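Asks: Give me a 3D structure for the following:
(chains A and B)
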Amino acid sequence: MWTKASMMRRAVYGAFVGSTLLLASSAGADVVSDQSGAILIFPRITVDTAGVLGPAQDSVIQMTNTSNSVVSARCFYVNATGHCSGSDEPCVNSTGCNTGESCLPQWTKRDFRLTLTKRQPLAWRASEGLSDLPCDGIGSPDGGCPFGLSNIGADGSVSSIPPVAEDPFYGELRCVQVDPESFQPSAGLNDGNLRSGDLKGEVTNVIVDGEAPDAHKHNAIALQSTTVNDNDDVLEIGGTDPEYNACPSVLTLNHLFEDAAVSYGRGGGNSTVRSRLTVVPCSQDFLNDTTDPVVLQFLIFNEFEQRFSASTSFDCWREIPLADIDTRPGPFGDEFSIFSANVQGTLGGQTRVRPVGASDQGNGVLGVLVEDWTSSSTTKSAASNVHFFGSTSRGDQMVLSADNIP
Amino acid sequence: MPRLPGGRHSLLACALALCIVQPGSAEVSTDYPGAILVFPKIESDAQRDTIVQVTNNTGVRVFLRCFYVDGRVDRDGGDPSWLVTDFQITLTRSQPTVWVAGEGLPAVPSDRPDDLYPGPVPPVGDGFRGALRCIVVDESERPIGANALTGEATIIDRTTGDSHKYPAISVRGFSANNGDNTLLLDESEYGTCPRVLLLNHFFDDAPDPVVDAPIRTTLTIVPCSMDLENSVPGTATVQFEVFNEFEQRLSTSLPVNCYEDVELSSIDRASQPELSIFNFALQGTLVGLSRMRPVLDARTDTGHGVLAVALEVRGDGLSTAPAHVHFVGGNLQADVIVLSEPF
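Replies: I've put the predicted structure just below:
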């Protein structure tokens, strides 16, 4: 039963929702991985079903409409898989190519439309996609879901999720919440979360390693709507007239240093740990298929309060072992890296990652961290979202390619 | 007994609080530093142990009071054992620290000077299954609202080598902290616990789309409120709304006392797992969305907010991965953490 005081709080809540929405429109705050949002970014989608570049693996993507309204999205797979410059074979870095060849990353996109009914959760394998959605009436004898609910968009477009463009595939997935009728970008529809956006997601990377599977999972990163949206295909992320909250100015990684040896207390057992950081830029231009280079400055603190620094750069998508940030790709010289436990002398570290870009471009980045724990017989992985700090001073921009060419 | 402001003051406080709320924000987070850090699941036994990471994200030294709460069920009484072990640590600017729950940190550092040593951390007891909370305090152990802490926990299986990692949940602190040992999670001293928690999960026994192994999910829930001075654990009743891919909705509820670690299919106490509303056999779709809402009441000396983490287990426990919980909004009833008085 509601008390008088709590009813009063609810009344005040209702009365102030409007004014809060107005205030919210000027808020330039934060990205989140533990709330829903209007742009969903899965920074790391990996597919290698035949185990060409490592152990066989696939990604299971989960996406959910958290609101009580029908929600549509325009989604973009970004294919960043590297290919050797001469043989065109897929590669992770140049050590996987013939002598004299380079490993050249791609930047190609594949987009699709999606309509989710109220509160609907979905899951699919990245390598297979999802041609028939649960409520589209295709392939189901009863023609879909109760009460006329449908995964078919208001304009009649059928939701269909394609597989990724190639296998092996390394890249990202982005989904932008759009109006279910016009399919143009929009704010969220749910007053319960102040219209900040209704999509949330997770990705599970399942590795087939002998008889025992290995899985790690992380949340999609959500950019929340400011509730102001001009519905065009140029999405303003932060900056002076933001449509979406700004990307963080600093990413913070709490990690174990490379090859740190961890003993598990009185019960015995030990592992060594290595970590990989995956980063993507907040800005993307899917219309002109261009990206701008971003420099990442790293500040590393060990448990003795000693500080080290390093830097690297990337264009569109990059996964890099921590030890390779300041040494050559591959295992060469890793023991001399400032991310090495041998160099730092402590198990744990904190690394702050600050993106730097040209003065006329957005420079926000987002990322996830994957750890590989190697014991005597096996290597198992664990993933974690990184922490965020502040917001970039310059706005980022995401330009969508035309979805409906007249 | 702590009381929330009443009458017109409450209207004013509420209005002010709403004016500073960010869109859709819950005041707990796994992304940003906070003044209270909650690790809902710490395990240490013959098979598993937990590696705890806590980091100071500020440029100044911070002091922490930390509390292990053992939530194992007492075999004699059937209630949680509610054993509390506390310790204090100090982190210098930007300092990360790591320990294994079953081992702790020694009283005397072997590898560094005292002023760079966080301090001793006691090992948890064998078979420990519970939560860890750390609270930022000043040098005289008075709680302060400095948002300094982030953390992670990695649970390792000694036998299989399997590992999974989840971020600690941080509660934001505000400047209006009166420094007493009654912490109000009411948007004045600290942020509120979430109004709704969302969990995207595979239905229990659904086949993994990649390896075809059955997936089961374990949910760990801890109340936000607790009274360490009078040794009274927090309690809550959590209502579940479960949606499948056909937008069909089913519901159930779960009482929580101190600490709850339960498989999804056991929540509604179905006579057989396949009759549970969390089971693939009943739902018929691979994944579901569960909305968890703690039930509120009129009490002001405690609240009923909850925090949670979930764990997916593939096959026969050979592979685990955390299923991260999302948060929606702030709770309308304040939670209260009462710390034990130092003496």
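Asks: Under the pLDDT cut-off, which ranges of chain B? List them.
Replies: Residue ranges of chain B with pLDDT under 70: B:1-26, B:75, B:77-78.
Asks: Quick one: neighbours of B:Met226, just the number.
Replies: For B:Met226, the neighbour count with other C-beta atoms under 10 Å in any protein chain shown is 27. The way it works is simple: take the backbone N, C-alpha and C, and place the C-beta from them, glycine included.
Asks: residues in contact with it?
Replies: Going by C-beta atoms under 8 Å, 6 or more residues apart in numbering or on different chains, B:Met226 touches B:69, B:232-234, B:258, B:337-338.
Asks: could you pull out the helices for chain A?
Replies: For chain A, helices defined by DSSP state H occupy the ranges A:4-25, A:341-344.
Asks: the domain parsing of chain B - what is it?
Replies: B:28-185, B:194-338 (automatic domain parsing).
Asks: Tell me which of these lies nearest to A:Ile152.
Replies: A:Ile152 lies closest to domain B:194-338 among these, at 14.0 Å (C-beta to C-beta).
Asks: how long is the closest one end to end?
Replies: Using C-alpha to C-alpha, to the nearest Å, one end of domain B:194-338 lies 19 Å from the other.
Asks: just how off-centre is that domain within its chain?
Replies: The chain centre lies 12 Å from the centre of domain B:194-338; the measure is C-alpha atoms, centre = their mean, to the nearest Å.
Asks: Same check on stretch A:234-252?
Replies: For stretch A:234-252, the distance to the chain centre is 15 Å (C-alpha atoms, centre = their mean).
Asks: Any idea how many residues pack against A:Ile288?
Replies: No, residue A:288 isn't Ile; it's Asn. 8.
Asks: Assess the claim that it and A:Val399 are in contact.
Replies: Yes. In this structure A:Asn288 lies within contact range of A:Val399 using C-beta atoms under 8 Å: 7.2 Å.
Asks: ok so, going back, next, format the domains of chain B as JSON lines and append distance to A:Asn98.
Replies: Listed next are these as JSON lines, based on distance: least, C-beta to C-beta, whole Å:
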{"stretch": "domain B:28-185", "distance to A:Asn98": "35"}
{"stretch": "domain B:194-338", "distance to A:Asn98": "32"}
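Asks: which stretch among the ones you listed comes nearest A:Ser94?
Replies: The minimum distance between A:Ser94 and the domains of chain B falls on domain B:194-338, with 29.5 Å, by C-beta to C-beta.
Asks: rank the helices of chain A by pLDDT, which is bottom?
Replies: The minimum mean pLDDT among the helices of chain A belongs to helix A:4-25 (a mean of 39).
Asks: Filter the contacts of B:Met226 down to the buried ones.
Replies: Burial by neighbour count, 16 or more other C-beta atoms under 10 Å in any protein chain shown: within those this picks out B:69, B:233-234, B:258, B:337-338.
Asks: Among these, which lie within strands?
Replies: B:69, B:233, B:337-338 (DSSP state E).
Asks: Looking at strand pairing, list the partners for B:Thr320.
Replies: Beta-bridge partners recorded for B:Thr320 (DSSP bridges): B:Val313.
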